[in-house]
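>>> A structural model of the following input is requested.
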Amino acid sequence: MAHKNKQNYSPYKARKEKAGISLKGPAVASKRDFKPEQIYGKEEANDRLADIFRNHEFSCSHQERSKLAEFYTILMRNQEHQNFTRLLKLKDIAIKHFIDSLIVADLVDIKFPLLDVGTGPGFPGVPLKIRYPTEIFNPILKSRITTTQDDIILVADLLKEIYILAENILKL
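I've put the predicted structure just below:
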């Protein structure tokens, strides 16, 4: 049977305290800025997405990829003002947001209309709406802090058809 540390004694903490090293960190926790180092234009993002999708054996039409590239630029431009995602590199966004959102359609039969509760910046709903442009997509925001009405309007202009049920899920 394993020994239980009933006094919550940590040899690691004892060594650090003896050496005079604080384990509490800075007095005020600094807020990490999630600002992209570089934002690619739509054309370059589209070309880079094509390479990333090809390297990951993921099929996507040119029209879908073009809209995903435009969505990337909208997301990154707004990332400078609001913290939408911790992913800031196009490769990470392509794999962990776009491919992860779209691969769902290959694995399950999606029933529409699609209700995306707590959509935040629009994952997985917006990439799915890009893949299925004729289907109904309803994003519901879980809080005002995550996504503003203006951001959804930018995405709505990109998608041309989007239905906003409520700005805040509590308003339903």
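
>>> can you give me the strands for this structure?
114-117, 137-140 (DSSP state E).

>>> and these as a markdown table, adding mean pLDDT?
Shown next, in a markdown table, are these (pLDDT from 0 to 100):
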| stretch | mean pLDDT |
| --- | --- |
| strand 114-117 | 80 |
| strand 137-140 | 74 |
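
>>> Output those strands as TSV; include the columns distance to residue 130 and mean neighbour count.
C-betas here are computed from N, CA, C, even on glycine. TSV is the format used below for these (distance: least, CB to CB, whole Å; neighbours: other CB atoms under 10 Å):
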stretch	distance to residue 130	mean neighbour count
strand 114-117	12	15
strand 137-140	9	21
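
>>> Any chance of a markdown table for these, columns distance to residue 76?
Formatted as a markdown table, the strands of the chain follow (distance: least, CB to CB, whole Å):
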| stretch | distance to residue 76 |
| --- | --- |
| strand 114-117 | 21 |
| strand 137-140 | 19 |
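
>>> Now do the lengthiest helix in the chain: everything it contacts.
Longest helix in the chain, counting residues (DSSP state H): helix 62-79. Helix 62-79 is contacted by residues 34-36, 39-43, 45-46, 49-50, 53, 60, 84-85, 88, 90, 93-94, 98, 121-122, 126-127, 130-131, 151, 154-155, 158-159 when judged by CB atoms under 8 Å, 6 or more residues apart in numbering.

>>> pLDDT on it, on average?
What helix 62-79 shows for mean pLDDT is 91.

>>> May I have it as CSV, with CA atoms only?
Output of helix 62-79 as CSV, limited to C-alpha atoms (Å, rounded to 0.1, in the frame of the first residue of the first chain):
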residue,chain,number,x,y,z
HIS,A,62,-10.9,25.2,-53.9
GLN,A,63,-14.1,27.1,-53.1
GLU,A,64,-14.2,25.7,-49.6
ARG,A,65,-10.5,26.3,-49.0
SER,A,66,-10.9,29.9,-50.2
LYS,A,67,-13.7,30.6,-47.7
LEU,A,68,-11.7,28.9,-45.0
ALA,A,69,-8.8,31.2,-45.8
GLU,A,70,-11.1,34.2,-45.6
PHE,A,71,-12.4,32.9,-42.3
TYR,A,72,-8.8,32.6,-41.0
THR,A,73,-8.1,36.2,-41.9
ILE,A,74,-11.3,37.4,-40.1
LEU,A,75,-10.5,35.3,-37.1
MET,A,76,-6.9,36.5,-36.8
ARG,A,77,-7.8,40.2,-37.4
ASN,A,78,-10.3,39.9,-34.6
GLN,A,79,-7.8,37.9,-32.5
